[in-house]
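Participant: No letters, just coordinates:
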Ligand code: C2E
Ligand code: CA
Ligand code: CA
Ligand code: CA
C-alpha cells in the first residue's frame, strides 16, 4: 500500500509542476529564463578572406533550457526586444563572452568578438556602461570588443550618432548589421561614424544564382567602400560566393563555408588552428 501512496504523491507533484510550467506564457517563460541565467553563447568565426585567417567571432546567444533543449535566438529575440528583456539578456551575453573567452582574448590581441546590440541600447547607450564595467580588471582591450546593431537601431539618428561616437571613443568598433534589409540610404549612413557594414545573407545567397538580384550585391559593396567601411559578408556557404567576394576586395566572411557557430571550447580550438597562416 505504501509504495502505491508514494507513487500517487510523486504523480501528483509531477502533474502540478507540469501544469504550472504549461501555464506560463511565453513572456513568463522568458522572464524565468532570464532569472535563471539560461542563456549561453556560441561563437561563429569571422575570416579574413584574403589570408583565410580567423580574426574573431560573432557572439550568438542560445537559450538552453534545463532539459538541455536549445532554442534559436530568432524564436525569442523579438519577444525579448518587445518586452525589454533584451537588456538583461545582452548583459548576460557580455558576461558570458568575458567568462568564456577572457583568457584567449588576453593572450591573443588580434582576436575580436562582435556582440549584437539591441535598438534600444543603441538609442540610450546604456550598454556601453555595461561593457565598460564588465571589462574592468580583465585586461581585455576595448578594441577587442566590437558592437553590431541592425538598421532599426539607427532610426533615431542623433541618438545613434552619439552612442556610436562614445563607443568609438572607448575603443570599440561599431558595425551596421543585416545591411540592405532595412531602409538606410547612403546619405543617412554617411552621417554615422561607423567602422563596418555586414552585408545580409540574403544578398550573398544571390551570388551565382540570380543574375537580376545579384546585380544589387556589387553596389552594396561599392557603397561600403565609398563610405570607407570595412565589409563583412554574412552567410557565406559556397566557395563560389567566397571567390566572388574576394575578387571584389571584401575584407571578411562569415558563414557555414568556414564554420557554423561553435560552443566555446570548439571555437577556441578552431581559433588556435586558424589564427595564423
Ligand atoms: P544575425 O546577426 O544576422 O546572425 C547570423 C545568423 O545567421 C546566425 O543565426 C548564424 O548562425 C546564421 N548563419 C551564419 N552563417 C550562416 C550560413 O552560412 N548559412 C545559414 N543558413 N545561416 C548562417 P542565429 O545564431 O540563429 O541568430 C539569429 C539572429 O538572432 C541573429 O542574426 C541576430 O539578429 C539575433 N541574435 C543572436 N544573438 C543575439 C544577441 O546576443 N543579441 C541580440 N540582440 N540578437 C542576437
Ligand atoms: Ca549580428
Ligand atoms: Ca542576417
Ligand atoms: Ca547579421
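Facilitator: Happy to help now that I have it. Predicted model, so just to flag it, every value in this text is computed and none were measured. Ligands and ions are numbered 1, 2, ... in the order given.

Participant: any idea how far the helix or strand hosting residue 28 is from the chain center?
Facilitator: Assigned by DSSP states H and E, residue 28 falls within helix 26-35. Mean C-alpha position of helix 26-35 versus that of the full chain (C-alpha atoms, centre = their mean, to the nearest Å) differs by 21 Å.

Participant: Same check on stretch 35-45?
Facilitator: 11 Å.

Participant: Any residues of the stretch 51-200 of the chain in contact with ligand 2? List them.
Facilitator: 116, 148, 177 (C-beta under 5 Å from the ion). In short, each C-beta sits where N, CA and C put it, glycine included.

Participant: So which residues of the chain form strands?
Facilitator: 39-48, 54-64, 70-71, 112-116, 145-150, 173-179, 196-199, 230-234, 252-254 (DSSP state E).

Participant: Rebuild those as JSON lines, extending it with mean neighbour count and mean pLDDT.
Facilitator: Below are those laid out as JSON lines (neighbours: other C-beta atoms under 10 Å; pLDDT from 0 to 100):
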{"stretch": "strand 39-48", "mean neighbour count": "22", "mean pLDDT": "98"}
{"stretch": "strand 54-64", "mean neighbour count": "21", "mean pLDDT": "98"}
{"stretch": "strand 70-71", "mean neighbour count": "14", "mean pLDDT": "94"}
{"stretch": "strand 112-116", "mean neighbour count": "22", "mean pLDDT": "98"}
{"stretch": "strand 145-150", "mean neighbour count": "23", "mean pLDDT": "96"}
{"stretch": "strand 173-179", "mean neighbour count": "23", "mean pLDDT": "94"}
{"stretch": "strand 196-199", "mean neighbour count": "24", "mean pLDDT": "96"}
{"stretch": "strand 230-234", "mean neighbour count": "24", "mean pLDDT": "97"}
{"stretch": "strand 252-254", "mean neighbour count": "23", "mean pLDDT": "98"}
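
Participant: Kindly state the beta-bridge partners for the closest residue to residue 175 other than its chain neighbours.
Facilitator: Leaving aside its sequence neighbours, residue 175 sits nearest to residue 196 (C-beta to C-beta, 6 or more residues apart in numbering; 3.8 Å). For residue 196, the beta-bridge partners under DSSP bridges are residue 175, residue 230.

Participant: Quick one: residues contacting residue 196.
Facilitator: 146, 148, 173-176, 229-232 (C-beta atoms under 8 Å, 6 or more residues apart in numbering).

Participant: Also residue 198?
Facilitator: Neighbours of residue 198 in contact, by C-beta under 8 Å, 6+ apart: 148, 175-179, 231-234, 254.

Participant: Kindly provide the distance from it to residue 37.
Facilitator: Residue 198 sits 28 Å away from residue 37, taking C-beta to C-beta, to the nearest Å as the criterion.

Participant: any idea which of the contacts of residue 196 is closest to ligand 2?
Facilitator: residue 148 (4.8 Å; C-beta to the ion).

Participant: so residue 37 touches residue 93, yeah?
Facilitator: No. Contact between residue 37 and residue 93 fails when scored by C-beta atoms under 8 Å: they sit 11.1 Å apart.

Participant: Would you mind telling me which of those two has the busier surroundings?
Facilitator: residue 93 (19 against 11; other C-beta atoms under 10 Å).

Participant: Hmm, the more buried one is touching residue 43, no?
Facilitator: No. Taking contacts as C-beta under 8 Å, residue 93 lies outside contact range of residue 43: 11.2 Å.

Participant: Look through the stretch 101-250 of the chain and state the residue closest to ligand 1.
Facilitator: residue 116 (3.6 Å; C-beta to the nearest ligand atom).

Participant: Bridged to that residue, which residues?
Facilitator: residue 148.

Participant: Lovely, talk soon.
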